[in-house]
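Chemist: Structure for the following, please:
(chains A and B)
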Amino acid sequence: MAAASASGSRGGGLNMVLFYVFLILFVLVSVAPLLWVFKMSIVVKTELFASPPTFLPQNPTAASYGTIFGDERFQKALVNSTIISGVTTVICLFFGSIAAYAIARLRFRFKSIVMTLILAISFFPGVAIIAPLFLQYRTLGLIDTYWAAIITDTVFALPLTVWILVAFFKELPRDLEEAAQVDGATTLQAFRKVIVPLAAPGEFTTAILTFIFAWNEFLFANTFLFDANTQPVTVVIPNFATVYTVDYGAQAAAAVTVTIPLVILVLIFQRRIVSGLTAGAVKG
Amino acid sequence: MTTAQPEKKRRGVLREEFGNPERRTAYYMILPTVFIILVVAFYPILYSLVLSVTDSNINVFGSFVGLENYVNMFQNVEFREGLVNTVVYTVISVFFEFIIGLAIALAINRAFRGRGVVRAAVLVPWAFPTVISAVMWRLMFQDQVGVINYVANAIGLISEPILSDRTLLLIAAILVDVWKTTPFMALLLLAGLQTIPGDVYEAARVDGANVMQRFFRITLPLLKSAILVAVLFRTLDAYRVYDLFWAMSNREVESLSTFVYKSLRVSQLLFPTGNAAAVFIFVTAFLLALSFIKVLGMQTSTED
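Modeler: Got it, this is the predicted structure:
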């Protein structure tokens, strides 16, 4: 199959039709749940409970969205998620860039140990450390604050950030920094003045991936945040099943709302996201 | 060199490392990252280990009790259920993700119209928070408004509501995971496929190799390390599954991680057992990663 692809359009018509049927099926399966839940979020209650279910909405309504956007907890949760993911992204990018540059460009012993250490985190089962972290955060008074989620998310997002940035930095031409160093710049100056501006597209891609990672985090938020004032959407929305027990429309509307920023990011930056994800994985 | 005393040699290494300005800068640059990883991830795991051999609870640090917590853990019915569910879930979902992911990667490894649409569609399930995916699918599995429950019931596939049967819930969780992460698997395998040069296939075709031979003799062997990396990532990710079981089954179907969470955060009495289970999941995940890496290492060393 791969061989046929390498040589281009062999087999012609029927093959192409089958290929596109397969593709359409695949795309449909991927997006169908989102579309269906979106449909559930815009139909009226009687239609939601109709049996057999209707395929297209008969009288679309935004009532469910009114319900959840009128809910203060939901508004607050959206703000909380944005703060936690935003701050995590900034911290990860700052420390991650510096570390990634050293790994990609500088020579030092223990490099493989450092790489292994960082990679080990991505295999780490988070539940293994929730008890000690809880005890420590409690001692430090961090429970129910954004920092409990931000610090933990940062550690678990850093491997992703560093890994992808190392791949990006390695692709940049070496001669520019060397020229800067010949002109008398130190390693750090060369990094800040030459590499950082050049790597901006890579940094941006990494920022998107880190943001998505932090936005989607659930375990740590669910462990350290009990106060609705700091809980992110991933913690609040599953609880809607008990708040809006039979209001399935509202649950659907909440689920759709939090995925929309992600869907938009994916649609705009799909090429970059794919290159970032695979750069990190393949070259590692 | 070999006659030098080890102590002296080590000091020499350190002086060499920190005497050189480039190397010193490198260490300063990696220090914050390494520091936070050591403090927030590795120190707590040692702490977990200590907690697991004491009768500590959430408020009081207890005294040494040996392996008692581990004995209690293995005798705990819910732990055993979580272990079985996690293993079944991991093996089945990773198997299907690999087979379907490979098929998709092979199919889309070519230039065609609408590539961007396919790529975006592939990324949609991947980008969703797992808990939100679980909420969405739960709405579709639900017995009053759920379309999947309706269809499965109409064609006689199920005799009771999906969400009230544990086996069906486990199958549902596997289904959601396959839906959500197959695209990621396909992307990783596709990236691996794209590193195989086209002329290798050309040469094989000239030599008269058919499609099957080309697949098994060229594609698979050259893709082996990409496959191992992708399967390793997915296996360890599936093994620590928490979000999906927690949100999907309404806390009824146990995985290893939900058992640990419940013991540590919900139940007061199970705290020591939960610590033992936390160490258990860490050690088994570590061994799993190690065995994959060993196979991967052997693979790359024989290829080189």
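Chemist: Can you tell me what sits against whichever strand or helix holds B:V229?
Modeler: For B:V229, the element it lies in under DSSP states H and E is helix B:220-239. The contact list for helix B:220-239 (C-beta atoms under 8 Å, 6 or more residues apart in numbering or on different chains) reads A:122-123, A:125, A:281-282, A:284, B:86, B:89-90, B:93-94, B:97-98, B:101-102, B:177, B:181, B:184-185, B:188-189, B:191-193, B:195-196, B:200, B:256, B:281, B:284-285, B:288-289, B:292-293, B:295-296, B:299-300, B:303. Placement of C-beta: from N, CA and C, glycine included.
Chemist: tell me, what residue is most central in chain A?
Modeler: A:I212 (1.7 Å; C-alpha atoms, centre = their mean).
Chemist: Please verify my assumption that that one contacts B:F128.
Modeler: No - look at A:I212 against B:F128 with C-beta atoms under 8 Å: they stay out of range, at 9.4 Å.
Chemist: which residues are in contact with both of the two?
Modeler: By C-beta under 8 Å, 6+ apart, the residues touching both A:I212 and B:F128 are A:L262.
Chemist: hmm, back to that, counting by contacts, list what the one helix or strand the residue nearest to the centre of chain A maps to packs against.
Modeler: Following DSSP H and E, one finds A:I212 within helix A:200-216. The helices and strands touching helix A:200-216, judged by 3 or more C-beta pairs under 8 Å, 6 or more residues apart in numbering or on different chains; DSSP states H and E, are helix A:72-105, helix A:146-171, helix A:248-282.
Chemist: Spell out whether the shortest one and chain B are in contact.
Modeler: Right, the one you point to is helix A:146-171. Yes - using C-beta under 8 Å from any C-beta of the partner chain, helix A:146-171 reaches chain B at A:I151, A:T152, A:T154, A:V155, A:F156, A:L158, A:V162.
Chemist: Show the pLDDT at the second one.
Modeler: Which is A:T152. Listed pLDDT for A:T152 reads 96.
Chemist: now do the last one
Modeler: We note a pLDDT of 92 for A:V162 in this prediction.
Chemist: What's the local residue count around it?
Modeler: The number of residues packed near A:V162 is 31, by other C-beta atoms under 10 Å in any protein chain shown.
Chemist: Next up, phi/psi of B:F64, please.
Modeler: When quoted as degrees, to the nearest 10, the phi and psi of B:F64 stand at phi -60, psi 130.
Chemist: measure it to B:T54 for me?
Modeler: 6 Å (C-beta to C-beta, to the nearest Å).
Chemist: Repeat that for A:P159.
Modeler: Distance, A:P159 to B:T54, using C-beta to C-beta: 31 Å.
Chemist: what about these two, which has more around it?
Modeler: Between A:P159 and B:T54, A:P159 has the larger neighbour count (other C-beta under 10 Å), namely 24 against 18.
Chemist: isn't the more buried one right next to A:L119, touching?
Modeler: Yes - with contacts counted by C-beta under 8 Å, A:P159 reaches A:L119, the gap being 6.2 Å.
Chemist: circling back to that earlier point, output the helix holding A:I212 as CSV, restricted to C-alpha atoms.
Modeler: Output in CSV follows, covering the C-alpha atoms of helix A:200-216 (Å, rounded to 0.1, in the frame of the first residue of the first chain):
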residue,chain,number,x,y,z
ALA,A,200,9.8,32.1,17.5
PRO,A,201,7.7,29.8,15.3
GLY,A,202,8.9,26.8,17.2
GLU,A,203,8.3,28.4,20.5
PHE,A,204,4.8,29.3,19.4
THR,A,205,4.0,25.7,18.4
THR,A,206,5.4,24.5,21.7
ALA,A,207,3.2,27.0,23.5
ILE,A,208,0.1,25.7,21.9
LEU,A,209,0.9,22.1,22.7
THR,A,210,1.8,23.0,26.3
PHE,A,211,-1.4,25.1,26.7
ILE,A,212,-3.5,22.2,25.4
PHE,A,213,-1.8,19.8,27.8
ALA,A,214,-2.4,22.1,30.8
TRP,A,215,-6.0,22.9,29.8
ASN,A,216,-6.8,19.1,29.6
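Chemist: Next SSE downstream of that helix?
Modeler: Helix A:200-216 is succeeded, C-terminally, by helix A:219-224 (DSSP H and E).
Chemist: Which strands or helices does the next helix or strand after that following helix pack on?
Modeler: Using DSSP H and E, the helix or strand that follows helix A:219-224 in sequence is helix A:233-243. When contacts are defined as 3+ C-beta pairs under 8 Å, 6+ apart, helix A:233-243 packs onto helix A:72-105, helix A:219-224, helix A:248-282, helix B:130-141, helix B:243-248.
Chemist: Report the mean confidence score over the third one.
Modeler: Per-residue pLDDT values across helix A:248-282 average out to 83.
Chemist: ok, now which ones touch B:A121?
Modeler: A:F26, A:V27, A:S30, A:V31 are the contacts of B:A121 under C-beta under 8 Å, 6+ apart.
Chemist: From the contact counts, what lies against the strand or helix carrying the second one?
Modeler: A:V27 is located in helix A:13-42, with elements delineated by DSSP H and E. Here helix A:13-42 touches helix A:63-69, helix A:248-282, helix B:77-108, helix B:115-127, helix B:130-141, helix B:166-193, going by 3+ C-beta pairs under 8 Å, 6+ apart.
Chemist: how about these in a markdown table, adding distance to A:G184?
Modeler: Output for those, formatted as a markdown table (distance: least, C-beta to C-beta, whole Å):
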| stretch | distance to A:G184 |
| --- | --- |
| helix A:63-69 | 57 |
| helix A:248-282 | 33 |
| helix B:77-108 | 49 |
| helix B:115-127 | 45 |
| helix B:130-141 | 51 |
| helix B:166-193 | 40 |
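Chemist: Let me know which of these is tucked in deepest.
Modeler: Most buried of those, by mean neighbour count (mean count of other C-beta atoms under 10 Å in any protein chain shown): helix B:130-141, with a mean of 25.
Chemist: tally of neighbours for the residue found closest to A:I91 once you drop the neighbours it is linked to in the chain?
Modeler: The shortest distance from A:I91 to any non-neighbouring residue, by C-beta to C-beta, 6 or more residues apart in numbering or on different chains, is to A:T154 (5.1 Å). Using other C-beta under 10 Å, the number of residues around A:T154 comes to 25.
Chemist: and A:T154, what does it touch?
Modeler: Residues near A:T154 by C-beta under 8 Å, 6+ apart: A:T88, A:I91, A:C92, B:I36, B:V40.
Chemist: If you tally nearby residues, what's the number for residue 40?
Modeler: Going with chain A. A:M40 has 27 nearby residues by other C-beta under 10 Å.
Chemist: Chain B, not that one
Modeler: B:V40 - counted by other C-beta under 10 Å - has 20 other residues nearby.
Chemist: Please list all residues in contact with it.
Modeler: A:L133, A:I151, A:T152, A:T154, A:V155.
Chemist: sorry, back to before: now for the helices and strands packed on helix A:13-42, which one comes closest to B:S267?
Modeler: helix B:77-108 (10.1 Å; C-beta to C-beta).
Chemist: Can the closest one be said to contact chain A?
Modeler: Yes - contact of helix B:77-108 with chain A (C-beta under 8 Å from any C-beta) involves B:I104, B:L106, B:A107, B:I108.
Chemist: Give me the helices and strands touching that helix, please.
Modeler: Applying 3+ C-beta pairs under 8 Å, 6+ apart, one finds that helix B:77-108 makes contact with helix A:13-42, helix B:115-127, helix B:166-193, helix B:220-239, helix B:256-261.
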